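> Dropping the sequence and predicted coords here.
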Amino acid sequence: MRLSAEYYVIRCGKRECGKFSYSKTSQKTKMCPYCERRIVIEKANKTEVNSVIHARKLVQEFNKKLGEMTEPWWYNSKN
């Protein structure tokens, strides 16, 4: 029996960004945490995953493969 996916791993469609993030399957849009572009989930390239832990790991791996690891605009490393 296959469990239904709870999360999507999605990729920003902005050419200069192209970073990965994740969202719940119930969301219709998602704000890219890197470039602040609004992503329409229905039209985005996405991969279904069953848990938030798996989604986070995939996002980390995919973004690491892109090379440069930039932090999201909201991340404050001084905390």
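Received, thanks. Small disclaimer: the values here were computed from a predicted structure and weren't measured.
> beta partners for the spatially closest residue to residue 38 that is not a sequence neighbour?
Nearest in space to residue 38, with sequence neighbours left out and distances taken as Cβ to Cβ, 6 or more residues apart in numbering, is residue 29 at 5.5 Å. (Glycine included, C-beta is placed from N, CA and C.) For residue 29, the beta-bridge partners under DSSP bridges are residue 40.
> same thing with residue 21?
Assessed by DSSP bridges, residue 21 has beta-bridge partners residue 10.
> and it, how many neighbours does it have?
When neighbours are counted by other Cβ atoms under 10 Å, residue 21 registers 22.
> Shouldn't residue 23 be within a strand?
Yes. Assessed with DSSP: H, G, I helix; E, B strand; the rest coil, residue 23 lies in a strand.
> what sits against residue 43?
For residue 43, the contact set (Cβ atoms under 8 Å, 6 or more residues apart in numbering) comprises residue 13.
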